[in-house]
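S.K.: Provided below are the primary sequence and the corresponding predicted coordinates.
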6 protein chains.
Amino acid sequence: MNRRDGRLYNQMREITIQPGYVKHPHGSALISFGDTRVLCTVMVEEKVPPFVQDRKVQQGWMTAEYSLLPAAGTVRNPRAGYGNNQLKGRVYEIQRMIGRALRSAVNLKKIGQRTLLIDCDVIQADGGTRTAAITGTMVALELAVKRLMDEGKLTENPIETRVAAISVGINKGEILLDLDYPEDSTAETDLNLVMTRDMGIIEIQSTAEEGHFSKVQLDQMLKLGQEGIEKLFVLQDKALGIKK
Amino acid sequence: MNRRDGRLYNQMREITIQPGYVKHPHGSALISFGDTRVLCTVMVEEKVPPFVQDRKVQQGWMTAEYSLLPAAGTVRNPRAGYGNNQLKGRVYEIQRMIGRALRSAVNLKKIGQRTLLIDCDVIQADGGTRTAAITGTMVALELAVKRLMDEGKLTENPIETRVAAISVGINKGEILLDLDYPEDSTAETDLNLVMTRDMGIIEIQSTAEEGHFSKVQLDQMLKLGQEGIEKLFVLQDKALGIKK
Amino acid sequence: MNRRDGRLYNQMREITIQPGYVKHPHGSALISFGDTRVLCTVMVEEKVPPFVQDRKVQQGWMTAEYSLLPAAGTVRNPRAGYGNNQLKGRVYEIQRMIGRALRSAVNLKKIGQRTLLIDCDVIQADGGTRTAAITGTMVALELAVKRLMDEGKLTENPIETRVAAISVGINKGEILLDLDYPEDSTAETDLNLVMTRDMGIIEIQSTAEEGHFSKVQLDQMLKLGQEGIEKLFVLQDKALGIKK
Amino acid sequence: MNRRDGRLYNQMREITIQPGYVKHPHGSALISFGDTRVLCTVMVEEKVPPFVQDRKVQQGWMTAEYSLLPAAGTVRNPRAGYGNNQLKGRVYEIQRMIGRALRSAVNLKKIGQRTLLIDCDVIQADGGTRTAAITGTMVALELAVKRLMDEGKLTENPIETRVAAISVGINKGEILLDLDYPEDSTAETDLNLVMTRDMGIIEIQSTAEEGHFSKVQLDQMLKLGQEGIEKLFVLQDKALGIKK
Amino acid sequence: MNRRDGRLYNQMREITIQPGYVKHPHGSALISFGDTRVLCTVMVEEKVPPFVQDRKVQQGWMTAEYSLLPAAGTVRNPRAGYGNNQLKGRVYEIQRMIGRALRSAVNLKKIGQRTLLIDCDVIQADGGTRTAAITGTMVALELAVKRLMDEGKLTENPIETRVAAISVGINKGEILLDLDYPEDSTAETDLNLVMTRDMGIIEIQSTAEEGHFSKVQLDQMLKLGQEGIEKLFVLQDKALGIKK
Amino acid sequence: MNRRDGRLYNQMREITIQPGYVKHPHGSALISFGDTRVLCTVMVEEKVPPFVQDRKVQQGWMTAEYSLLPAAGTVRNPRAGYGNNQLKGRVYEIQRMIGRALRSAVNLKKIGQRTLLIDCDVIQADGGTRTAAITGTMVALELAVKRLMDEGKLTENPIETRVAAISVGINKGEILLDLDYPEDSTAETDLNLVMTRDMGIIEIQSTAEEGHFSKVQLDQMLKLGQEGIEKLFVLQDKALGIKK
């Protein structure tokens, strides 16, 4: 029990969501899962990329970028643009996942010919940054849409469901919810789960880092993840001032 | 039934594996799933990258790159290195998956201080290129290891299991095995599955492109995928001249 | 008076310095001047760049990077590494200034064969980010040095003086201390001043954006800047827990 | 005689041309000269680059790219786009030569406001890849033009002549036709020759790698090259189903 | 005295300005300060960048680039575009200074919807290249404007004042005008000064490289710099054939 | 006759070679052919690139870079390193030719474990820049070798022959020596010829820009080029102070 700082196998770290953390973007939230802290922002651009503009049905677009601040982790993470312009493959994998997750919450045909630009910047990294980013960006996105509606730019709410995400893993044979960095880096199997408010599955990414895993273990991980995600929706509600 | 060229929902396309397709690399195979054709090669470099060299336990390394030839698809795929140096995120996602899959088949501590460089070049694309790449590279890797053993560079076979991969999807509510491009591009959900010879799970990537999917559908997709992968192991055996 | 939110011409915005804001780097501080918020960190690398290694006298090195988060300002600031790898000239100018300023506080011959890597990331921008970065980094640097001494890696304090920086400008003919963004973007002349604890000048950058300025105006700006910097040293003391 | 695998000084390797090797591009051909194998494709883009659009006389454009697959040669050829974005000078030299050669076969004023994009990808390299690329692309180009005419996009055939190319060299003082890699890499002089169907010269590139060569040797090389090119035109005819 | 080749502390090196040094650009000048030689050119482009086009008031634009030829200094200066695409920060700092200095001489609203492209290429470097570049470009700019007026493209002269620049420094405690490379590289303090024809200040950049400097020293440096700049205006007049 | 400014078909433009034009590199020369002006320099680096270091026989290396100053031609030539990092293919073609030409003059085994870095920077372009660069660099190289011998770094002269180069072309059916830009840009055929002091051929690059050319025309061009090159060797002698 000690190795989780006293957390039970099915217990998430302390989670806080600070909406409106910065003033310039349409929506923003600072989310923390224990020592993991991610700044999630949504900015609005009144145009769409060419490949969207060319589509028959008029629609908007939403895309995500993810980055670690140089001093977010134990080893310095070199910036792009310093003779080191190739983003790491890991970054692409993560930001594509964030973009897909959030796009599944929104009806892009209802946001007009504009682009919602998501930025997830990891201020401090301690495991689970991608799932924290998805969960926090959902709050920033709600705020951004609210402001667009207040500004009269949208008349109908394009958000069709809410999404949240959590990581689960198998560490020394034990299935654990919400892995911190020491747990994650020694896990045998790693699963990231994204679900909607009505508990439909949006994305599963599950990889054996050592050996392989069984269907039974997969089922257990999914069950544990689902329980965590249910709690995240309550925290999002609270951050958004929604009473239930 | 017609929309699959007469294929049943649980039927894969015609699959061929041509081992030793090119002469310079240690191992190679040209694999085709219908019109999808991928050249998989394994070259050997007698050194390891610095981050591996620094590890306490001496080991080798294996890494993969994936690329579409410019004329592989219906729209030209621009080459990197022509004012367009940023690889697409999709490429990173795929080649990281290929590398992880193949590394799980090999004991890197048994390949010596060398790097196995996997290249998967898509000659023609018609859906399922990443899973074809994994399945074909496994054959090229067996050949490369065999040549290293013939050359006396390895005394013990470092391959601990075999891996193969297949795609499954939900298209118009129907669960289909081995989607071709028309099926894949209109699918609601997409699942890529990598398994070992003894049918352990190595990786699941499953994404809802439209709406979401249920646990029941996930279970059905995994079952169908597993059946396909069992057949792929037989085809690998045949290509490698292994009788069972 | 109103246009400065009630501030007098010689009054700085509310300034806070939060030392130890993130846990991984050796030293860190979050500094704010009104709505301008900059995260300043100092990481330690146990080696020096080649051009320093080749010098006759053994010494360490210190270098700075500066960046705006994408959502820090009113218009999104595109990240490097997305087909947009050229840093803007403004970024180079600023980070070179930060590096020079901090190097003038430290005796590099006393930090051993290591590099202190400064990162200044602007979380929110509202004018004066470069001078805030210098002032905040000085605090992070003190903390980093303290930790290096606690770890026994340094036996002698290499910091020979403290530095702080402030901006002054001429706006509609009036000389103003600590310009916020609306003031800065309409100023006729802009001056950035870096000074040491004993009020020696380290750097002056002064540019007429419109028309030119006179020696008399320069003298007035320097006087006002010096008064501001004296107050910044007191705030640094407080953040570092130094009583005077 | 042995060192040429039994070939006479004036004998080319076995040459095959496989038209329509891939299905997506308008025209394609896989050409082999012994172990050298090049995939040549021609794709059509319904626009022209700006510098062509600005010309007084309306015309189309044609341009070529050339690349070695990573495993095409004995040493791995690193891909562009992996922190290694600078194409090698050799690649530029070759693809510019291919583009010039093919443009001299076509009346660009007769292809409309479109661009023909040539891609030459070397699957396996064993000497003479650039001349194989030119000879094979001519076949792919004929097929692409035929398809454009079948589609009704062109009413008049823009191809005014056919081109083919061959290498000649001086190796240990002996003049040899169609050098393979072992011959080419030890040759004293190297000549690439491009000619039209009516045996006009389009391009000569001749370089002494060791010492220099005389006008007499140049004349002998040109004569031998011309004889080879005459045979290549027959092979192109055959691949295109043209009887003479 | 010897260490300045016999120059007094307030004496500049021999200065020559050769107007019209190259024929293609609208204006050009080769300026030398002793062994420092800079080719300054002004080319005209009949369009403005997008961020200028979008402004409410119609205006032109002027921008500067600065570069050292590879063999300009004692150590080879590697070219950009050779796997080394990141310009050095120093280059950005300098060319931004050149651009600002020259823009302050011109009323951009009077040059029409065109861009004046300044290029300063250092043929030989021996200290003071940035101030030489500003002083020389002023001459090239006068010539470019004259030619635009001769061509009838401008009817009113947009040049509202002339600018010139000089460096001053403190070396071994002595204040020196126009430092050559040996003096500059060992200076304690370095000041670059840009002034207008009527002796208004446009820019001061002053940095302590070692220790710090006092307000008294600053005043002395500015006084010496101003005297040098007065002489530079006379040399510009002479180069332009203006009698006074 | 007028269209050549009165020059006869076999007459080169006025040629001047100014040795030692800049002071820092080991050797330098400014060469002009009429309005074409190229600065050729040779710098020495006391190491060799890895691929040379790995060779069995110890040797040195020599490599060339070629660039046009931005204002060298009628249209501005954008610099690399400004979001435009891909060198043009033409640049690669030219600098590879320069490197090959000069390497054929020198015995690299006799220059020790060092690299001679050739830079050819075109100050003003008016046709024939690549051949001017080769001819001028030969002079710079002789000076660099002389200085290396004077410094005692070389005891034996590694230069085994001298090289020079000239362009010839067919313009409106007439064969012309040393084409200027107006002639070159309208030529039907273009030939660049590099020869050694004893009139051996080092390189021929001949391309039909329009139509094709015959063996007879090739022979005429080579003859004319050879006559021009003979005169260039005399001019090199003169520049180097060699009497014959």
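M.R.: Right, received. Where do you want to start? Not measured: the values here are computed from a predicted model.

S.K.: is chain D contacted by the lowest-mean-pLDDT helix or strand in chain A?
M.R.: Here the helix or strand of chain A ranked lowest by mean pLDDT, DSSP states H and E is helix A:50-53, holding a mean of 84. No: applying C-beta under 8 Å from any C-beta of the partner chain, one finds helix A:50-53 separated from chain D by no less than 13.1 Å. Where you see a C-beta, it was placed from the backbone N, CA and C, and this is true even at glycine.

S.K.: now the angle from the next helix-or-strand element following that helix to strand C:61-68?
M.R.: Sequence-wise, the next helix or strand downstream of helix A:50-53 (DSSP states H and E) is strand A:61-68. Relative orientation of strand A:61-68 and strand C:61-68, computed by axes from the mean of the first three to the mean of the last three C-alpha atoms, to 10 degrees: 160 degrees.

S.K.: quick one: strand A:61-68 near chain B?
M.R.: No: if you take C-beta under 8 Å from any C-beta as the test, strand A:61-68 misses chain B, and the best it gets is 10.2 Å.

S.K.: and the residue nearest the centre of chain A, what does it touch?
M.R.: With distances taken as C-alpha atoms, centre = their mean, A:I134 lies nearest the centre of chain A, 1.3 Å away. Applying C-beta atoms under 8 Å, 6 or more residues apart in numbering or on different chains to A:I134 gives the contacts A:M97, A:I98, A:A101, A:L102, A:V163, A:A164, A:A165, A:V194.

S.K.: Just the pLDDT for it.
M.R.: At A:I134, the pLDDT value in this model is 98.

S.K.: With A:G83 instead?
M.R.: 57.

S.K.: any idea where the helices of chain A begin and end?
M.R.: A:50-53, A:89-103, A:129-150, A:181-184, A:215-239 (DSSP state H).

S.K.: Make JSON lines from those and add distance to D:I31 to it.
M.R.: Converted to JSON lines, the helices of chain A look like this (distance: least, C-beta to C-beta, whole Å):
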{"stretch": "helix A:50-53", "distance to D:I31": "34"}
{"stretch": "helix A:89-103", "distance to D:I31": "35"}
{"stretch": "helix A:129-150", "distance to D:I31": "47"}
{"stretch": "helix A:181-184", "distance to D:I31": "51"}
{"stretch": "helix A:215-239", "distance to D:I31": "49"}
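
S.K.: and the least confident helix or strand of chain A, which residues are buried?
M.R.: A:V52 (16 or more other C-beta atoms under 10 Å in any protein chain shown).

S.K.: Who are the contact partners of A:H24?
M.R.: By C-beta under 8 Å, 6+ apart, the contact list for A:H24 reads A:M43, C:A71, C:A72, C:G73, C:T74, C:Q124, C:A125.

S.K.: what's the answer for A:T137, then?
M.R.: Taking C-beta under 8 Å, 6+ apart as the test, what A:T137 contacts is A:A29, A:C40, A:V42, A:A64, A:I98, A:L102, A:I118, A:C120.

S.K.: Could you measure from it over to chain C?
M.R.: Using C-beta to the nearest C-beta, to the nearest Å, A:T137 is found at 12 Å from chain C.

S.K.: ok, for A:I166, nearest residue in space, not its chain neighbours?
M.R.: Closest residue to A:I166 apart from its sequence neighbours, by C-beta to C-beta, 6 or more residues apart in numbering or on different chains: A:G228 at 4.2 Å.

S.K.: Run through the residues of chain A sitting next to chain B.
M.R.: Close to chain B, as judged by C-beta under 8 Å from any C-beta, chain A has residues A:85-87, A:89-90, A:92-93, A:95-96, A:100, A:104, A:195-196, A:200-208, A:211-215, A:218, A:222.

S.K.: Check the closest residue to A:L179 other than its chain neighbours and give its pLDDT.
M.R.: Of all residues not flanking A:L179 in the chain, A:G169 sits nearest, at 4.7 Å (C-beta to C-beta, 6+ apart). With respect to pLDDT, A:G169 has a value of 97.

S.K.: Pretty sure A:G169 sits against A:D184.
M.R.: Yes: taking contacts as C-beta atoms under 8 Å, A:G169 lies within contact range of A:D184: 6.4 Å.

S.K.: Show me what counts as buried in stretch A:183-203.
M.R.: A:183-184, A:187-197, A:200-203.

S.K.: Mind checking which of the residues you listed land in strands?
M.R.: Counted as lying in strands by DSSP state E, out of the buried residues of stretch A:183-203, are A:T189, A:D190, A:L191, A:N192, A:L193, A:V194, A:M195, A:T196, A:I201, A:I202, A:E203.

S.K.: Using TSV, lay out those together with pLDDT and distance to B:Q58.
M.R.: Below are those laid out as TSV (pLDDT from 0 to 100; distance: C-beta to C-beta, whole Å):
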residue	pLDDT	distance to B:Q58
A:T189	97	26
A:D190	95	26
A:L191	98	31
A:N192	98	32
A:L193	98	37
A:V194	98	39
A:M195	98	43
A:T196	97	47
A:I201	98	42
A:I202	98	42
A:E203	98	38
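
S.K.: How much space separates the residue of chain A most remote from its centre from C:A125?
M.R.: Centroid-distance maximum for chain A: A:K56 at 30.2 Å, with C-alpha atoms, centre = their mean. Distance of A:K56 to C:A125, given as C-beta to C-beta, to the nearest Å: 40 Å.

S.K.: A:P70 now?
M.R.: When A:P70 is compared with C:A125 (using C-beta to C-beta), they lie 18 Å apart.

S.K.: hmm, back to that, in strands, which of the contacts of A:H24 fall?
M.R.: Among those, the members found in strands (DSSP E) are A:M43, C:Q124.

S.K.: now stretch A:207-226, how far from the centre of its chain.
M.R.: 20 Å (C-alpha atoms, centre = their mean, to the nearest Å).

S.K.: oh sorry, the question was meant for stretch A:104-118
M.R.: 17 Å.

S.K.: any idea of the mean pLDDT for that stretch?
M.R.: 95.

S.K.: CA atoms of that stretch as PDB?
M.R.: Written as PDB, here are the backbone C-alpha positions of stretch A:104-118 (Å, rounded to 0.1, in the frame of the first residue of the first chain):
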ATOM      1  CA  SER A 104     -15.900  13.200 -30.400                       C
ATOM      2  CA  ALA A 105     -17.600  15.400 -27.800                       C
ATOM      3  CA  VAL A 106     -18.500  18.200 -30.300                       C
ATOM      4  CA  ASN A 107     -20.600  18.400 -33.400                       C
ATOM      5  CA  LEU A 108     -18.200  20.300 -35.700                       C
ATOM      6  CA  LYS A 109     -21.100  21.200 -38.000                       C
ATOM      7  CA  LYS A 110     -22.500  23.400 -35.300                       C
ATOM      8  CA  ILE A 111     -19.400  25.500 -34.500                       C
ATOM      9  CA  GLY A 112     -19.400  27.500 -37.800                       C
ATOM     10  CA  GLN A 113     -16.500  28.100 -40.100                       C
ATOM     11  CA  ARG A 114     -14.000  28.400 -37.200                       C
ATOM     12  CA  THR A 115     -11.200  26.400 -35.600                       C
ATOM     13  CA  LEU A 116     -10.900  25.700 -31.900                       C
ATOM     14  CA  LEU A 117      -7.200  25.400 -31.100                       C
ATOM     15  CA  ILE A 118      -6.500  23.300 -28.100                       C
END
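
S.K.: Pull the number of nearby residues for A:P182.
M.R.: A:P182: 14 surrounding residues under other C-beta atoms under 10 Å in any protein chain shown.

S.K.: Would you quantify the distance from the residue farthest from the centre of chain A to chain F?
M.R.: Applying C-beta to the nearest C-beta to A:K56 and chain F gives a distance of 34 Å.

S.K.: now what about stretch A:194-203, what contacts it?
M.R.: Contacts with stretch A:194-203, where a contact means C-beta under 8 Å, 6+ apart, come from A:97, A:100-101, A:104-105, A:131, A:134, A:161-165, A:192-193, A:204, A:225-226, A:229-230, A:233, B:206-208, B:211-215, B:218.

S.K.: Residue ranges in chain A under the pLDDT threshold?
M.R.: A:1-3, A:81-87, A:243-244 (pLDDT under 70).
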